[in-house]
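**Student:** dropping a prediction and its sequence here:
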Amino acid sequence: MFVRTKSSVQKGKRYEYLQLVEGYREDGKVRQRVVANLGRKDELIASGRLDDIIRSITAFSQELRVSERSAGPVPDGRAARSWGPALVFRRLWEEQGLPEILRKLAAGRRFRFDVDRVAFALALQRLCAPGSDRQGAAWLRTVECPGFEDIELQHLYRTVAFLAEVRDDLEAELFRRDHDGATEVNVMFMDTTSTYIYRSEPTELRKRGYSRDRMPDYVQVVLCVAVDADGFPVAWEILPGNTADKNALVSLLEKMRGRFKVRHCVVVGDRGMIGAETIALLEGHDEAPFDYILGCRMRAQNEVREEVLGRAGRYHHVEENLDVKEVLVEGARYVVCRNPIEARKDAEDRAAIVAKLEEALGQGPKGLIGNKGYARFLRGAKGAWTIDEDAVAADARLDGKFVLRTNTTLETADVARAYKGLWRVERAFREEKSTLEIRPVYHHTDEGTIGHIAACFLALRLEVDLQQRLDNLATDVPWPDLMLDLAEVRAMDVAVDGRLYRTRPPLVRHAHLAFAAAGVRPPPVHTLLGIAPPRPPDAGDPVL
């Protein structure tokens, strides 16, 4: 049954009438008949009788009455709670096996709360509303997720301490589960970063060092991360803030061999990690020697600058932005990579610098000498400065190039592609520091700092998991947009005729993609929860 509009022309003027029409079948054919003529459309609207008719019919529909109630005044302080992120990420959390692992690690401890549920709350906060634990305790009151209503601030503090204590075992359990207990991993990308802490006093963990955050006044910790070939985070090593990159890599390699029992993998690392001691550690282990692909410092390493880049040889074209050639120096294998597009850009930038130098030298070199970008092309002293043509020529040899050292038997093109895969680690750091806001750290103890980073590590696993599932669906949705759309899925409880219903608004924009990727069916628009609890007289329920 439906409402139909019928037009009629009377004395040269067109009018529209509303009819209530019923569809039926007769002799196998669909026919229609008018059940009632409701009246002229403009008169019905002007007099308000159309609204009265609709309202009177709605009174007999339970679902529409619930919708009307949920659109009215808020019945209690728990209305419009965030629902979507908890539904999606809880499914991923469970599929990663985290509830079983955390309960196993918590066995024998006298926790009077659900550690798994609180750990999930910490990770979810990092994804949705990064902040301190105190802010998190208040935020949890705005989230619809079973068990969140029982979480107190002290539970968050105790779970952070618990995660710090069991972090090593937690990472080992997750690694074994992710890789089915394998002792060989094809490729492992490793890199380092630092994160500052709101505390001025150094400790054994929090120290001042080279700050990638450009916050040298604050103490910091150094993080060394490993991700697998699929970009999935495998482990964090949390080290004192003054740890050098090479030492951070050494520590992470020891973890891979000891805690994870890995006997072989190809380690891919950036330029700051190469060194004689690093290579000795990779190759020299009797039981678990690792292969490696490490970036070289072209300017700082004499062997690379003079021997490797000085060797003649033909480049092999791999793709539009990559040419490669192999160079052997005293048994060491190097792969020289050149990006023709970047090479042209580097040459143009240097030509512009040299042109500016030639123009400015006549006016006095004082301002130029203080600029490192300019000073490297100058030669002379005490006012007799000239352009160093040898330095210009040496710089031109580096245009668009990067050099790798490897002990693998991979083809040169595969070596270069593997190294370019370091973007996976860079993305992990970018997500940790921006999306998840690992920095700054508000905890006042080293234990709290480690636990906080462990919670961020769990949150990162959830984010990468969902992103990979979205990639499998061939979708290209910016992460911030997806999270905003998912946050629009809210739960509100309303009471109608003594019954309690849970309602949600329609899914907006990309929210359905998150549910589909996680394999979660969106909840019904209206769900009957049961008998509504008694309410005080001044509760202010809207009257139907």
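**Tutor:** Structure's in. What do you need?
**Student:** when you work out contacts or count neighbours from here on, use the C-alpha atoms and nothing else.
**Tutor:** OK.
**Student:** low pLDDT regions in the stretch 101-250 of the chain?
**Tutor:** Counting by pLDDT under 70, the ranges of the stretch 101-250 of the chain that qualify are 181-183, 199-200.
**Student:** same thing but 80
**Tutor:** Along the stretch 101-250 of the chain, segments meeting pLDDT under 80 span 180-187, 197-201, 211-217, 229-231, 246.
**Student:** all strands for it, in order.
**Tutor:** 184-196, 220-228, 233-240 (DSSP state E, counting those that start in this stretch).
**Student:** out of these, nearest to residue 508?
**Tutor:** For those, the distance to residue 508 is smallest for strand 233-240, at 30.3 Å, taking C-alpha to C-alpha.
**Student:** wait, residue 231 sits on residue 425?
**Tutor:** Yes - proximity of residue 231 to residue 425 meets the contact threshold set by C-alpha atoms under 8 Å, at 7.2 Å.
**Student:** helices along the stretch 101-250 of the chain, start to end?
**Tutor:** 115-128, 133-139, 153-178, 245-258 (DSSP state H, counting those that start in this stretch).
**Student:** in JSON lines, list the ones you listed along with mean neighbour count and distance to residue 146.
**Tutor:** Below are those laid out as JSON lines (neighbours: other C-alpha atoms under 10 Å; distance: least, C-alpha to C-alpha, whole Å):
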{"stretch": "helix 115-128", "mean neighbour count": "22", "distance to residue 146": "9"}
{"stretch": "helix 133-139", "mean neighbour count": "17", "distance to residue 146": "15"}
{"stretch": "helix 153-178", "mean neighbour count": "18", "distance to residue 146": "16"}
{"stretch": "helix 245-258", "mean neighbour count": "19", "distance to residue 146": "36"}
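**Student:** now distance to residue 25 too, for these, in CSV please.
**Tutor:** What follows is those, written out as CSV (distance: least, C-alpha to C-alpha, whole Å):
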stretch, distance to residue 25
helix 115-128, 53
helix 133-139, 56
helix 153-178, 59
helix 245-258, 72
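**Student:** quick one: the residue of the chain most remote from its centre and residue 40, what's the gap?
**Tutor:** Most distant from the centre of the chain: residue 11, at 68.0 Å, with distances by C-alpha atoms, centre = their mean. Per C-alpha to C-alpha, to the nearest Å, residue 11 is found 16 Å from residue 40.
**Student:** next: residue 259.
**Tutor:** Residue 259 sits 80 Å away from residue 40, going by C-alpha to C-alpha.
**Student:** one more: residue 126?
**Tutor:** 58 Å.
**Student:** same question for residue 159.
**Tutor:** Residue 159 sits 67 Å away from residue 40, going by C-alpha to C-alpha.
**Student:** residue 450 and residue 205: what is the separation?
**Tutor:** Residue 450 is 9 Å from residue 205, where distance means C-alpha to C-alpha.
**Student:** counting neighbours, go ahead and name the busier of these two.
**Tutor:** Counted by other C-alpha atoms under 10 Å, residue 450 and residue 205 do not tie: residue 450 has more neighbours, with 24 against 21.
**Student:** let's see the pLDDT reported for that one.
**Tutor:** With respect to pLDDT, residue 450 scores 89.
**Student:** does it really touch residue 238, like I thought?
**Tutor:** Yes - under the criterion of C-alpha under 8 Å, residue 450 makes contact with residue 238 at 7.2 Å.
**Student:** pLDDT wise, what is the closest residue to residue 296 other than its chain neighbours at?
**Tutor:** Spatial nearest neighbour of residue 296, chain neighbours left out: residue 271 (5.0 Å); criterion: C-alpha to C-alpha, 6 or more residues apart in numbering. Listed pLDDT for residue 271 reads 75.
**Student:** tell me the contacts of residue 271?
**Tutor:** By C-alpha atoms under 8 Å, 6 or more residues apart in numbering, the contact set of residue 271 is 294-297.
**Student:** many thanks, have a good one.
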